[in-house]
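# I would like the atomic coordinates for the input below:
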Amino acid sequence: MKIQQSSHLSPFGGLNFILEEFEKLRIDQLLTSNLPKLASNSHYSWKDLIFSFWSVYFCGGSCIEDLGENFRGFLRDSPYVKAPSPDRVLSRFKELSKPKYLCKTPRGKAINEFSENTALNLLNIKILKRINPEKYTRRDLILDYDNTIIFTNKADARNTYLKEYGYCPGVGIIGSDIVGIQNRNGNSVAYALQENTLETMFENLKQEGISIDAFRADSGSYKFDILNVVNRHVNKVYMRVKMRPSIYHVINKIDNWVEITAKDGRTLHRGSSKFTPFKRAAQNQKKKDLLREYRIIVTKENNNDGQINIFTNEACVYSCIMTSDFEKTDDEIVFLYNQRGTIEREFDVLKNDFGWKHLPFSKLEQNTVFLILTAMCRNLYDYIIQKFSSLYQNLKSNYRIKKFIFRFICIPAKWIKHARYKQLKIYGKIAFKT
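Numbering: from 1, shown residues only. Next up is the predicted model:
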């Protein structure tokens, strides 16, 4: 078999279309204007550093080190970017980190370590406004908040409640867009000083002219101080309720139970009532003026072991949602709240497709830079797959990045010079929609 080699042939020809789209969006201008100014003799710009970093994930890599031997050689002929070494990228990312801060909750004994990076979070929001300006001028946006565990054995990682070392970042999401990240060490529980985390996220969004209509969260946000912060920034709240004796007393007063059938055939009962939570907390903090009335929507189902609940005298398990929305029906409230389940899918995407499982640094604050920059890459991928799936026949808007790489990125190509201009020569066929 005869072999003809070409040292300039790249197996990732489709990446050039991605980088060209970044150029059209003028992402490089946002990077230059919002990141620290580099020395005039710097060989690589922020565009080179971050575009090359993002290219790792658009080409199927799992960590920054893949930029070295695996991808850097294929980017050397690209007119869009100059590819630096992984060490150069990592050193610049360290320069973007901000000092972490230590806090204790009023009653807790644990030292909580938090890492904020407001500049990068604002840059991320600006990129989102650039790629989807119509969405972020709407007045019906819903902010979802949740924490996730990233298991890691980094030098400063602490033991999580799952008895493994890691970090516990708090993440704000609008739709499928990551709009805010605060990194926390693994020993920080979700509700610890979460009111400060949410205040920062809301202020960042407000600074960029983005108005939030509603807030959704699980029971980790069911706290008086957190609710007060949320109510200052949104019109409606949808939140899972922590089960406690005061909630069971509210359940006992419900007399409008309706039998419903779940999709899997289970028989459930659903009812609702009005209640005012956190009366004791408001009294202790002398903030009774902040108390508000909410609706609680309760869904109950017979438990499997027949164990009687001591408070309700029923053999049931309960699922409770609290809301300040008095207009929608009970079923509409439950349906709207359950849509936040997609946030777990986003965590899966970030961990498996965009490197959150492979943190590069040994310090919490430096890994915060990595988390936010990879979240930007995930947001940009969502824009890319939505747009490109409308142009090319073999793509669909719900593809994960692995399938996108196989279907589009992995096209042999090389740059050739023709009539004093560089042209991309593709060794294959791209199926355009006509």
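# would you state the strands of the stretch 301-434 of the chain in chain order?
Counting by DSSP state E, counting those that start in this stretch, the stretch 301-434 of the chain has strands at residues 316-323, 413-418, 421-426.
# quick one: contacts for I174?
141-144, 212 (Cβ atoms under 8 Å, 6 or more residues apart in numbering). For glycine as for every other residue, the C-beta is placed from the backbone atoms N, C-alpha and C.
# R240 is in contact with Y222, isn't it?
Yes - the pair R240 / Y222 is scored as a contact, 6.8 Å apart, by Cβ atoms under 8 Å.
# of those two, who's got more company?
A count of neighbours by other Cβ atoms under 10 Å puts Y222 above the other of R240 and Y222, at 21 against 18.
# excluding its backbone neighbours, what's nearest that one?
K242 (4.7 Å; Cβ to Cβ, 6 or more residues apart in numbering).
# checking the one you found next. Helix, strand or coil?
Classification of K242 by DSSP: H, G, I helix; E, B strand; the rest coil places it in coil.
# picking up where we left off before, now the strands of the stretch 301-434 of the chain as TSV including distance to A281, mean neighbour count and mean pLDDT?
Below are these laid out as TSV (distance: least, Cβ to Cβ, whole Å; neighbours: other Cβ atoms under 10 Å; pLDDT from 0 to 100):
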stretch	distance to A281	mean neighbour count	mean pLDDT
strand 316-323	15	19	92
strand 413-418	62	14	82
strand 421-426	62	12	83
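# mind putting those in a markdown table, distance to R232 included?
As requested, the strands of the stretch 301-434 of the chain are exported to a markdown table (distance: least, Cβ to Cβ, whole Å):
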| stretch | distance to R232 |
| --- | --- |
| strand 316-323 | 17 |
| strand 413-418 | 53 |
| strand 421-426 | 52 |
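# can you tell me which of those is nearest to K387?
K387 sits nearest to strand 421-426 of all these, at 18.7 Å, using Cβ to Cβ.
# hey, what's the nearest residue to D218 once chain neighbours are set aside bridged with?
The shortest distance from D218 to any non-neighbouring residue, by Cβ to Cβ, 6+ apart, is to R240 (4.6 Å). Note on R240: beta-bridge partners I321, judged by DSSP bridges.
# tell me the contacts of R240?
The contact partners of R240, by Cβ under 8 Å, 6+ apart, come to 217-219, 222, 319-322, 337.
# and the gap between it and K263?
Remark: distance between R240 and K263 (Cβ to Cβ, to the nearest Å) = 20 Å.
# now do the SS call for the residue nearest the centre of the chain.
The centre of the chain sits closest to I178, judged by Cα atoms, centre = their mean, with a distance of 3.7 Å. Secondary structure assignment for I178 (three-state DSSP): strand.
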